[in-house]
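Participant: Task: produce atomic coordinates for the following.
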Amino acid sequence: MRRLLRLLAATTVVFSSLYSVSAATQPEAAKPDQPLPADVRVLVDISGSMKQNDPRNLRRPALELVLQLLPEGSKAGVWTFGRYVNMLVPHRPVSPAWRTDAADKAESISSLGLFTNIGEALEKAAYDADKPNPQYRTSLILLTDGMVDISRDPQQNQAEWRRIADDVLPLLQRAGYTVHTVALSDNADKDLLNKLALGTDGIAAVAQTADDLMKIFLQAFDQAAPAEQVPLEENRFVIDSSVEEFTALIFRKPNASADTRLLGPDRTQYRSDKDLPDMNWYRAYGYDLITITRPLEGEWQVQADMDPDSRVTVVSDLNLLVRPLRNNIFRGESLPLSLLLQEDGDTITRAQFLRLLDIDASVSQRPHGNDWQQSLAVDPPPADGIYSADLAYFDTVGDYDLQVLVDGKSFKREFSHRVAVREPFSVTVQQQVADNTAVYVVTVSASGQTLDRAQTKVAARIRNPQGRSSIKPLLLTPADTWQLQLTPALEGEYQVALRVLGVDGAGQAFEFEPDILSIQVGGGDDPFSPAPETATESGPEAVPESEPESQLEPKPEPEPEPEPEPVPEPEPEPEPQAEEAAKWPLYVGLGVGNLLIVALAFFAYRMIMGGRRGDESLEQLDRAAVAPAEPDTTEPAAAEAAPADAEAPAAEAELQMEEVAAAEPAPAEADTSVADGLLAGELDLASDAAVEADIDVGDGMSILDGLGDEGEDAAAAETGLDDEDFDDSGFSLDDFGDDGAGDGAGGDDNDGDGDEYKDNKN
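Facilitator: Residues are numbered from 1 along each chain as shown. Sure thing, here's the model as predicted:
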C-alpha cells in the first residue's frame, strides 16, 4: 500500500509538471465570453518522397478544405518547403478574395523538392514569434512525410534536428503558438513531430494512407479553429430562426454511387449542378462543402451515402461558447469543462431561459470503447451563466471524443473536441535483425517537454526465461529518447520492468513505472520473432534493385569448375587414402623438425636474455606467478559458477571469461560510486563507463527512493529476482550486486541470457 501511495503521489507530480511550462508560456486563457479568432498557418511538405506517400496529391483537396472552412475574421497563410521555403498563400485576414486566390495557388502544390527543411519552414511561418499578436489564437499545421534533411551530411542533419529542439521549439512555446503535426509516412521523424506537438499541446497524428489525410487535416483544423455545430443525426439536422448561415461538410463514403443532395424544409432540392441563390457548393475529392445563407427554419435532410464524420456548422446570433480545452492529458487526469450561451454577443444569464436548457457532455473512447454521459444542468442555474464540470473518465490511454449538446427545445447546439490521453512516458519495442540475430530495441519517450533530461535516468530490470534478472541503464539518444538494446540468447519470454527517476523543468523530482513489457523470443507464434531471410533481403542487399547491372553479375552461378570433379566416382576413393598413408611419415618428419627448430630458438632466446637480466629477474617472474594464488579464494567461486551456464553457447562462455578477467582489477569502491551517482543524479548514462560497469552496492539502497528491503544482501536479492511473480517492488540497487555466481562481476551478467547493453548512441 505504501508503494502504491508513493507511486500515485509521484505520478501526480508528473501530471502537474510536465505541461507546466507549456501552460505558463501560453497567453492567459480567454474567458468563454471572449473567444479569440484563429490564426492558422499551414506548412506543406513538397519533397520528392511525396510522390510515393501522396501519389494522388491529396494535399491539394485537404488544403482547399481548410481554406474554405476558415471563417471570415480569422487569419491564415500557407508555406511550402523542400530544400527552400516559400510562402504559397500570403498570411492575411481571410476574405472571399483571399479564399479564391488561395484555392488557385493550392493547385501548384507538387513533389519536386530535394530536401526536407522543416526547421526553416517553422521559423518562416512563425516570423512574428518574438512579438506574437495577443488578439489571435495562433496555430501551425505541419504536414510532412520525412525527417530533418537539409544536407547529404548526416552530422549537419543531426545538428539541425538539435537546433529545432533546442532553439525553434522554445521560441514557439514562448510565443504561445500551438503546433499540430501530421505525418504522412511511417518514415517521418515521429520523435521530432511528437516533440513539437506535445511540447505546444498540439495533436500528433499519423495518416497511414493518403486517404486518411483529409480527416486528420480536418481534425487539426478543428483544434485550431473550433466551430459551432448543430447535431446531424440519421442524415437530418434542424435549423432554427437564429441561424444566419450553415455549412454542411459531407464526406462521401468510398465508391458512393449517387451525388450528394440537400432537401430543404419546403422540399426544395439542392444539388451541385444547380445555380440557386444563397447557395455555394464546393465539390472535391471525397467531400462536398455546401454553404447556405439565410436558410429556411426547420428540418433539413442530407441525401447521400454519408460518412459518420460529416457535420454541419452554423453562424448564428445564438452561440455556444466553450473555454479552450487541452488536446493532451495524462491518464487519470480530469478535463475541466466550462461553457456558456451568448445572444448577440452577450452572455445569457436569465434564469427563466437557462432552466429550459438540457446540457449534456458525453465522452466516448475511440474507436469502440466505453461511453459516459454527464449532465451540466443545475437548478438553480449559475448566476453568471457559466456551466462547469470536471470530466474524470480518462483512465485508459487512447483517443477520446467529447461532445457537448445543448437542447433549448426550440434550438440545438453542439460542440465537439478530441483529446489524446497519454502516459507521461511511452514505451515501444522494435525488433531489428542483424546477421540473422534478433535485436530488440526498447525506447522510452517523454510525452511532455519540460524534463531536465540531463538529470532524468531510466533503468530496466530484465528477467530472462530461466528466471534470472539483471539491471541495465537506458541511454539518452540524440533524439531525446532513452534506448536499451537486448540481444537474447535464450528462447522464451523476457520480461522488462522499467523505472524512470527524473527532474522536471521546475526542479521537482518524480518517478514513473510503466507496465511490465513482455517479449517472446522464438516460437512460431512470436510476433517479434525474426524472419532472417526476408529481413536480410529488405536490408542493405535490397539496394542493388536500383542497379540491375549488378544483378547480372552472378557469374559464380554458371561456374563449371565443381562439375568436372569426379564426385560421382566413389571407386577412386581408396587411392587417395593410400597416397595419404604413404605421405604419413613425411608429415611426421616435418612436424618433428619444426618442433626441434622451435625448441632451439627458445633455448637460444633464454641464453641471450639470461645474460642480460640475470637470475634476479627470473626470481621476480617466479614471485609474480605465485602472487595471484593468495586471493584465489574468490576465483574458485567463479569457477563454480561456470558449470551453471555450461549449456550456454560458446559466445556466452567467451563473454563470461572476459567479464571474469575484467573483474579482477576492478575495485569495489568504483562500483559503489557509480551507484551513488545514479541516486544523486550525477551519473551520465551515456558514458561508456556507466554502460560497462557492474554496480555492486553493499548498503542495499533502492534505485528509486528506498524500494525493496534495505540491508538485503546480494544473495537475498537474487532469490527475490527468481520469484515466480515478476514484481518490480524488489527493483533495488541490490540487484546490481553480485549475482551469486561468485565471479564478482555483479548482476547476473554471467547468466548467459545475452541481454547485455550495447551503446547505440552514435
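
Participant: Which strand residues bridge residue 312?
Facilitator: When bridges are taken as DSSP bridges, the partners of residue 312 come out as residue 230, residue 248.

Participant: How many neighbouring residues does it have?
Facilitator: Around residue 312 sit 23 other residues, with neighbours defined as other Cβ atoms under 10 Å. (Glycine included, C-beta is placed from N, CA and C.)

Participant: mind listing the helices for the stretch 151-300 of the chain?
Facilitator: Taking DSSP state H, counting those that start in this stretch to define them, one finds helices in the stretch 151-300 of the chain at 154-163, 169-175, 190-199, 213-224.

Participant: Turn those into CSV, including mean pLDDT, distance to residue 320 and mean neighbour count.
Facilitator: Formatted as CSV, the entries for these read as follows, by pLDDT from 0 to 100; distance: least, Cβ to Cβ, whole Å; neighbours: other Cβ atoms under 10 Å:
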stretch, mean pLDDT, distance to residue 320, mean neighbour count
helix 154-163, 95, 42, 14
helix 169-175, 95, 29, 19
helix 190-199, 93, 27, 23
helix 213-224, 89, 15, 22
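
Participant: Dump those helices to CSV, plus distance to residue 275.
Facilitator: Written out in CSV, the entries for the helices of the stretch 151-300 of the chain read as follows (distance: least, Cβ to Cβ, whole Å):
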stretch, distance to residue 275
helix 154-163, 52
helix 169-175, 45
helix 190-199, 43
helix 213-224, 27
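
Participant: Looking at those, which is nearest to residue 482?
Facilitator: When the helices of the stretch 151-300 of the chain are compared by Cβ to Cβ, helix 190-199 sits nearest residue 482, at 11.6 Å.

Participant: and the direction of that closest one versus that of helix 154-163, what angle?
Facilitator: Here helix 190-199 runs at 10 degrees with respect to helix 154-163, directions being taken by axes from the mean of the first three to the mean of the last three Cα atoms, to 10 degrees.

Participant: Helix 190-199 vs helix 213-224, what angle?
Facilitator: Using the same axes, to 10 degrees, one finds that helix 190-199 and helix 213-224 are set 30 degrees apart in direction.

Participant: Show me what helix 190-199 is packed up against.
Facilitator: Helix 190-199 is packed against strand 137-144, helix 169-175, strand 178-183, strand 204-206, with contacts defined by 3 or more Cβ pairs under 8 Å, 6 or more residues apart in numbering; DSSP states H and E.

Participant: so which of the helices of the stretch 151-300 of the chain gets nearest residue 493?
Facilitator: Closest among the helices of the stretch 151-300 of the chain, using Cβ to Cβ: helix 190-199, at 27.9 Å.

Participant: In CSV, please show the C-alpha coordinates belonging to the closest one.
Facilitator: Output for helix 190-199, consisting of C-alpha atoms alone and laid out as CSV, is shown next (Å, rounded to 0.1, in the frame of the first residue of the first chain):
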residue,chain,number,x,y,z
LYS,A,190,7.9,10.9,-35.2
ASP,A,191,10.3,11.8,-32.3
LEU,A,192,10.6,15.3,-33.6
LEU,A,193,6.9,15.7,-34.6
ASN,A,194,5.8,14.4,-31.2
LYS,A,195,8.2,16.8,-29.5
LEU,A,196,6.8,19.8,-31.5
ALA,A,197,3.2,18.8,-31.0
LEU,A,198,3.2,17.7,-27.4
GLY,A,199,5.6,20.5,-26.4
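
Participant: Mind listing residues that contact it?
Facilitator: Outside of helix 190-199, the residues that reach it under the criterion Cβ atoms under 8 Å, 6 or more residues apart in numbering are 22, 118, 122, 142, 144, 147-148, 161, 164-165, 169, 172-173, 179-181, 183, 202-204, 206, 328, 422, 445, 447-449, 479-481.

Participant: again with stretch 160-173
Facilitator: Stretch 160-173 is contacted from outside by 21-22, 25, 118-119, 122-123, 126, 129-130, 140, 148, 150-151, 179, 189, 192, 195-196, 199-200, 449, 478-480, using Cβ under 8 Å, 6+ apart.

Participant: do stretch 316-325 as well
Facilitator: 29-33, 35, 137, 226, 228, 240, 242-244, 335-344, 402, 404, 406, 411, 413-415, 417, 419.

Participant: Buried residues of that stretch, list them for me.
Facilitator: Within stretch 316-325, the residues scored as buried using 16 or more other Cβ atoms under 10 Å are 316, 318, 319, 320, 321, 322, 323, 324, 325.

Participant: from these, which ones fall inside strands?
Facilitator: With DSSP state E as the criterion, strands contain 316, 318, 319, 320, 321, 322 from among the buried residues of stretch 316-325.

Participant: And the pLDDT at the second one?
Facilitator: Same thing as residue 318. What the model reports for residue 318 is a pLDDT of 94.

Participant: who are the neighbours in contact with residue 336?
Facilitator: Contacts were defined as Cβ under 8 Å, 6+ apart; by that measure residue 336 touches 323, 388, 389, 390, 391.
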